[in-house]
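Sequence below, structure please.
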Amino acid sequence: MSCTARQPENNFLFKINMKHIYIGTGAYSDTDLLGTLYPHGTKSGDFLHHYAQHYDCVEINSTFHAPIGQKALLGMLDKAAGRLKFSLKLHQDFSHQRTATAEQAHAFLQAVQPLGENLAHLFVQFPHSFERTPANRRYLGELCAWFEGYPLVLEFRSPTWHVEPVFAHFQAAKSLIWCNLDNPTHIGLPNTPFWTNARTAYFRLHGRNPNWWQAQSASQRHDYRYTDSELKTLAEMLFRQRDDFDELFIYFQNTTQSHSFYNIPVLKGYLAEWGFSVKTPNIEMERQGSLF
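Residues are numbered from 1 along each chain as shown. Predicted coordinates:
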C-alpha cells in the first residue's frame, strides 16, 4: 500500500492488526469543562469519575506543583474504577528548578506504587530555557538513572535537544520515551516530525496559539481549538507512522474553553476510519448533551 494517506475504502482490512490509541487530557480539573465534559453542578471531587466515562488515560499535572501521597492516588484509582491509565508528571524540582535529589526520586517512586499496572508513564517536561549544555546533559543522565526501569517520558521545549545525537541515545535506551509535540510554528518551539524510539509512543497536543509567548498563563497559551482539517491531517500522519508503535498515548492540553472536549471526538472519528482502536464514551454520558 502506498504511504500516501487516503480515506480507507474498507475498514475491515485495517482492523486485522488494530492498534490502540489512548486519548486524554493534560490534567482533568479545569473548570472550563463544566457543562461539557462534566455535568453542570459536578463537584471537583467527582470530576475524575465523569472523565473516566469518556477517556482511557489521564496526565496528572498537579504533581508538578506539589508532591502527591499514596492516599490521594488510591482515591484517583477508586474514582477511575480501573478505566484509566495514569501518566504522572514529575515535580518542578526535577525539571525547572533542578534541585531534586535521589532521595526525592525514591520517595516519588514509593508514592506511585499503588497505581500498579495503571501507571503508564512517569513524565518530565523541561522548559524552553533547558538547553543542551554539558552541565544539563550531566544532570539529565543523573535524573534518568534515578528512574531506571520505569517508563520515563522526556519533553524538551528547547530545539537544541531535537538533534540526531539525542535521537540516537533514545534509540538505544531501554526505558526512555521520546515526547512528541504539536506546538505553534515559527515561535522558537520545536516542530520535529512525529518520531518514536519505543513501541509505546507519547504525543502532547499543545495547540497552535501564535500568541504563546504573550500569554500570561498556561490556560491562555492553550487557548486554541484545532480545526477538523488539522485533526484529519494528524490522523493521516499517524496512520502513515503506524508501524513505528504498538500503542500511542495522546494528551490534549487545550482544556481551556472546553476546546479538548470538542476536538477529541473528532480526532477519534478520523482515527477509527483509519482502523485504530479508540475508546467509545459511555452511552449514558453521551446522552447528557444530546437534547438539543
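
beta partners of the most centrally placed residue in the chain?
Nearest to the geometric centre of the chain sits Y251, at 3.1 Å (CA atoms, centre = their mean). Counting by DSSP bridges, Y251 is bridged to G24, R204.

What separation is there between T256 and G188?
Distance of T256 to G188, given as CB to CB, to the nearest Å: 22 Å. C-beta coordinates here come from the backbone N, C-alpha and C atoms, glycine included.

now R199
For R199, the distance to G188 equals 32 Å [CB to CB].

One more: A218?
For A218, the distance to G188 - CB to CB - is 17 Å.

Neighbour count for those two, which is higher?
Legend: neighbour count by other CB atoms under 10 Å for A218 and G188, higher for A218 (16 against 12).

ok, how many other residues are close to G82?
Neighbours of G82 under the rule other CB under 10 Å: 9.

Find me the pLDDT at it, would you?
G82 is assigned a predicted lDDT (pLDDT) of 92.

wait, what's in contact with it?
For G82, the contacting residues are N118, by CB atoms under 8 Å, 6 or more residues apart in numbering.

Which secondary structure state does it sit in?
Assigned by DSSP: H, G, I helix; E, B strand; the rest coil, the conformation of G82 is coil.

where along this structure do the strands fall?
Using DSSP state E, the strands of the chain run over residues 20-25, 57-60, 85-89, 119-126, 152-156, 176-182, 200-205, 247-252.

As JSON lines, those strands with mean pLDDT would be great.
Listed next are the strands of the chain as JSON lines, based on pLDDT from 0 to 100:
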{"stretch": "strand 20-25", "mean pLDDT": "98"}
{"stretch": "strand 57-60", "mean pLDDT": "98"}
{"stretch": "strand 85-89", "mean pLDDT": "98"}
{"stretch": "strand 119-126", "mean pLDDT": "98"}
{"stretch": "strand 152-156", "mean pLDDT": "98"}
{"stretch": "strand 176-182", "mean pLDDT": "98"}
{"stretch": "strand 200-205", "mean pLDDT": "98"}
{"stretch": "strand 247-252", "mean pLDDT": "98"}
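
all helices for the stretch 151-292 of the chain, in order.
Taking DSSP state H, counting those that start in this stretch as the test, the helices found in the stretch 151-292 of the chain are 164-172, 218-221, 228-240, 259-273, 283-287.

which stretches of the stretch 1-150 of the chain aren't confidently modelled?
The stretch 1-150 of the chain contains residues with pLDDT under 70 at 1-17.

could the strands of the chain go into TSV alongside distance to R137?
TSV is the format used below for the strands of the chain (distance: least, CB to CB, whole Å):
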stretch	distance to R137
strand 20-25	31
strand 57-60	26
strand 85-89	22
strand 119-126	12
strand 152-156	12
strand 176-182	14
strand 200-205	21
strand 247-252	26
